[in-house]
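S.K.: this one's sequence-less:
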DNA sequence: CTGAAAGCGCTAACAC
DNA sequence: GTGTTAGCGCTTTCAG
């Protein structure tokens, strides 16, 4: 049952193992009759090729490795707060991989580790994945790219910002999205808009801030230093950020949180200080995490197409799936569309 | 670099490949001198054993396969809502696996598929994982257990309810937790408490309902049929459920949602109908998803220790980690503690 | 304590 | 079209 090998199949079909291999790999020059006999034997025995043997024999390892950031992951572990980025990513990956006989390995990589080079090389030489999926902030780490290139493995980078000539690129336009959501606030009449940001190592942080600034500038608005707070994508950062912003003498009427969690922290902090939302303060976020829909007021945000980006990456990383794509689409960077989701947390400015 | 083999190491250390293998596997009867030379060579070359070769040669595959439910996953994909169960699970898994040289493969399994037996057998025979991690509802599917047993692979079941003599059991006491949170409402003065449930295929649904009923009964309270609505763990189910409950002639003062998402749907639905929360209606949930902390009012709930359960499962599934455990702890079912988290959505009943 | 030889299950050259 | 023969990089006998 679970223990049949290619020899069993060959014996059952009365052919050589090479013929079985040919049928299984869809190689040319196989008669229909032989193909049918082999397929029947495979069926009868419930035979499946061993991943290990295939990998060893030099063919495809049929494994895609997703490298996720240890720092963020461990932080979520410690704080007990979750984050659904990973779930959404894997959703996209698994929906694609299930169509072909490929498998997903999830690996935690500590990009801050002094032994990063070693750890990653070790990982690659032990797994020998067919492709590697990079998520922020790993997507932008030159050292990671160097190691990947040296090992010759194909890789896709989600949300990459730098070195855009390397790897398969899949992203959304964070900058433009941030511009849009800022413009949205401006169109609602807001002029004094604050920003609570994220760590610079995440390109998303920088791009979103840039988009924010660009929209402000394009509308002739200025952003005093007091209107900007640092953060780390978390709820706590939003909470701390809004304290700082409200403490300063800037009388903001709206705040843009670099992530939904941060924006929700901003909302909570503002309400704790007695502000009515959105009457006294409009708040917008970025990501469209589940919480955005469940908060009160519901949060205006940008829907980040994580699963879709992952799916696009996998399609280009996995040979059998890539074959189905239009050749032109294979090489070009993919920019997956986002959506501005206008909910209740942003409203027309009533009083100046 | 990435391409060194055991032969390279043997050559560099001036020993046979068998000696290298012995050192790597911590086998006895190796002189310290030899061990040191081998380790140095391994170090110098950045050598890592190939997973495929190890797997093929009959040793451990060093792979843990997590089987996640396709139905739920696809539903999340379609609806665009995420869920952080997977993230929390993997957090727990990866934190443990990183200590040893094991790897996580995530596989989607459609338990509703007519070809489940085939699909699963195929998966096992192609991956040959060292251990399998089962999450609800797969944990309780006898057919899944049968296939796993037939293949001889070790497996851990998170949240299993039936056939408790099979596999490694890791769970929380859903029933008692539901009892506790219901008791919490009762102690706040509530008497007419409603319930919005989940699909029966998830044991958690049944257990939570049982705990709810047990607490009500223990306090001499009855639950009319009109006070219970069916659902599927989602926000939408909570929304629909509360409509039904409020439409009926039961004048509930509190509602228990089988999950946080459902409870949040209940909250939203209640607020949409003009109720003030928690003054007019107390709501409690179950899971402690991130949204619970971010909602308004914040949601009273049970903290489900998903990552902790996953970690406990992995410790018992992975030989090198299992070796560190007290032998007594290895065989006994693990029940991971939960916590009742009292937030703002549940309050003392003011008027009857 | 150490090493030589024989596979694990498959694919890749190379025959026929 | 089809089969034979080598390995892939390890672990496992079995000898020393």
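M.R.: Received it, and whenever you're ready, just let me know what you need. Keep in mind that what you see is a predicted model, and the values were worked out from it rather than measured. Residues are numbered from 1 along each chain as shown, chains lettered A, B, ... in the order given.
S.K.: and chain A, which of its residues are near DNA strand C?
M.R.: A:3, A:5-7, A:17-18, A:21, A:24-25, A:47-50, A:53-54, A:56-59 (CB under 7 Å from any atom of the strand). Quick note: C-beta positions are derived from backbone N, CA and C, even for glycine.
S.K.: any idea of the mean pLDDT for the helix or strand harbouring residue A:291?
M.R.: Using DSSP states H and E, residue A:291 sits in helix A:290-294. The average pLDDT for helix A:290-294 rounds to 85.
S.K.: Which neighbouring elements make contact with that helix?
M.R.: Packing contacts for helix A:290-294, counted by 3 or more CB pairs under 8 Å, 6 or more residues apart in numbering or on different chains; DSSP states H and E, involve helix A:260-272, helix B:260-272, helix B:290-294.
S.K.: Now restrict the residues of chain A next to DNA strand C to buried residues only.
M.R.: Among the residues of chain A next to DNA strand C, those classed as buried by 16 or more other CB atoms under 10 Å in any protein chain shown are A:5-6, A:21, A:24, A:47-50, A:53-54, A:56.
S.K.: ok, which pair from these is furthest apart?
M.R.: A:47 and A:56 (18.0 Å; CB to CB).
S.K.: Not counting sequence-adjacent ones, nearest residue to residue A:119?
M.R.: Distance criterion CB to CB, 6 or more residues apart in numbering or on different chains; nearest residue to residue A:119, sequence neighbours excluded, is residue A:113 at 6.2 Å.
S.K.: So which residues of chain A form strands?
M.R.: A:63-69, A:103-109, A:131-134, A:154-158, A:168-171, A:193-196, A:228-229, A:254-257, A:282-284, A:301-303, A:334-335, A:339-341 (DSSP state E).
S.K.: In a markdown table, list these along with mean pLDDT, mean neighbour count and distance to chain B.
M.R.: Converted to a markdown table, the strands of chain A look like this (pLDDT from 0 to 100; neighbours: other CB atoms under 10 Å in any protein chain shown; distance: least, CB to the nearest CB, whole Å):
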| stretch | mean pLDDT | mean neighbour count | distance to chain B |
| --- | --- | --- | --- |
| strand A:63-69 | 94 | 24 | 8 |
| strand A:103-109 | 94 | 23 | 5 |
| strand A:131-134 | 96 | 28 | 12 |
| strand A:154-158 | 96 | 24 | 14 |
| strand A:168-171 | 96 | 25 | 17 |
| strand A:193-196 | 98 | 26 | 15 |
| strand A:228-229 | 97 | 22 | 19 |
| strand A:254-257 | 98 | 31 | 12 |
| strand A:282-284 | 98 | 30 | 12 |
| strand A:301-303 | 96 | 26 | 7 |
| strand A:334-335 | 97 | 16 | 18 |
| strand A:339-341 | 96 | 15 | 10 |
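S.K.: any idea how far the residue nearest to residue A:119 lies from residue A:337?
M.R.: 35 Å (CB to CB, to the nearest Å).
S.K.: So which of these two has more stuff around it?
M.R.: residue A:113 (13 against 10; other CB atoms under 10 Å in any protein chain shown).
S.K.: How about the contacts made by the nearest residue to residue A:160 once chain neighbours are set aside?
M.R.: Nearest non-adjacent residue to residue A:160, counting by CB to CB, 6+ apart: residue A:139, 4.3 Å away. Applying CB atoms under 8 Å, 6 or more residues apart in numbering or on different chains, we find residue A:139 in contact with A:157-161, A:203.
S.K.: If we use 6 Å, what do you get?
M.R.: A:157-160 (CB atoms under 6 Å, 6 or more residues apart in numbering or on different chains).
S.K.: Now render the residues you listed as a markdown table, adding distance to DNA strand D.
M.R.: Below are the contacts of residue A:139 laid out as a markdown table (distance: CB to the nearest atom of the strand, whole Å):
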| residue | distance to DNA strand D |
| --- | --- |
| A:157 | 27 |
| A:158 | 30 |
| A:159 | 34 |
| A:160 | 31 |
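S.K.: Identify the single longest helix in chain A, thanks.
M.R.: The residue-count maximum for a helix in chain A (DSSP state H) belongs to helix A:203-218.
S.K.: Apart from its chain neighbours, what residue comes closest to residue A:66?
M.R.: Distance criterion CB to CB, 6+ apart; nearest residue to residue A:66, sequence neighbours excluded, is residue A:133 at 4.4 Å.
S.K.: Residues of chain A that sit close to chain B?
M.R.: Residues of chain A found near chain B (CB under 6 Å from any CB of the partner chain) are A:2, A:46, A:48, A:51-53, A:55-56, A:73, A:77, A:81-84, A:86-88, A:91, A:94, A:98, A:103-106, A:108, A:121-122, A:124-127, A:151, A:264, A:290-291, A:294-296, A:307.
S.K.: Nearest spatial neighbour of residue A:61, chain-adjacent residues omitted?
M.R.: Spatial nearest neighbour of residue A:61, excluding adjacent residues (CB to CB, 6+ apart): residue A:55 at 4.1 Å.
S.K.: again with residue A:288
M.R.: Spatially, and ignoring its direct neighbours in sequence, residue A:288 is nearest to residue A:303 (3.9 Å; CB to CB, 6+ apart).
S.K.: Helix or strand with the lowest mean pLDDT in chain A?
M.R.: helix A:70-79 (a mean of 74; mean pLDDT, DSSP states H and E).
S.K.: Buried ones in that helix, by neighbour count?
M.R.: In helix A:70-79, counting by 16+ other CB under 10 Å, buried: A:70-74, A:76-77.
S.K.: Show me what it is packed against.
M.R.: Applying 3 or more CB pairs under 6 Å, 6 or more residues apart in numbering or on different chains; DSSP states H and E, we find helix A:70-79 packed against strand A:103-109.
S.K.: contact partners of the strand it packs on?
M.R.: Residues contacting strand A:103-109 (CB under 6 Å, 6+ apart): A:63-68, A:70, A:73, A:93, A:97, A:123, B:94, B:98, B:103-106.
S.K.: near DNA strand D, which of those show up?
M.R.: Of the contacts of strand A:103-109, not one also sits near DNA strand D (CB under 7 Å from any atom of the strand).
S.K.: just to revisit the earlier point, how far does the longest helix of chain A sit from its chain's centre?
M.R.: 20 Å (CA atoms, centre = their mean, to the nearest Å).
S.K.: Likewise for stretch A:246-255?
M.R.: Distance of stretch A:246-255 from the chain centroid (CA atoms, centre = their mean) equals 32 Å.
S.K.: for residue A:166, phi and psi?
M.R.: Main-chain torsions, residue A:166, degrees, to the nearest 10: phi -120, psi 130.
S.K.: What is the burial count for the closest residue in space to it that isn't next to it in sequence?
M.R.: Counting by CB to CB, 6+ apart, residue A:166 lies nearest to residue A:145, which is 5.3 Å off, once chain neighbours are set aside. For residue A:145, the count of nearby residues is 20 (other CB under 10 Å).
S.K.: which stretches of chain A aren't confidently modelled?
M.R.: Along chain A, the model assigns pLDDT under 70 to residues A:1-2, A:77-82, A:351-352.
S.K.: how about the residues of it near DNA strand D?
M.R.: A:15-19, A:22, A:29-31, A:33-34, A:53, A:56-58.
S.K.: contacting residues around residue A:34?
M.R.: residue A:19.
S.K.: For the closest residue to residue A:264 other than its chain neighbours, the count of nearby residues, please.
M.R.: Distances taken as CB to CB, 6+ apart place residue B:294 nearest to residue A:264, at 4.4 Å, with adjacent residues excluded. Other residues within reach of residue B:294, judged by other CB under 10 Å, total 28.
S.K.: ok, now the one 4 residues further on?
M.R.: Look at residue B:298: counted by other CB under 10 Å, it has 16 neighbours.
S.K.: Then residue A:143?
M.R.: Using other CB under 10 Å, residue A:143 has 12 other residues around it.
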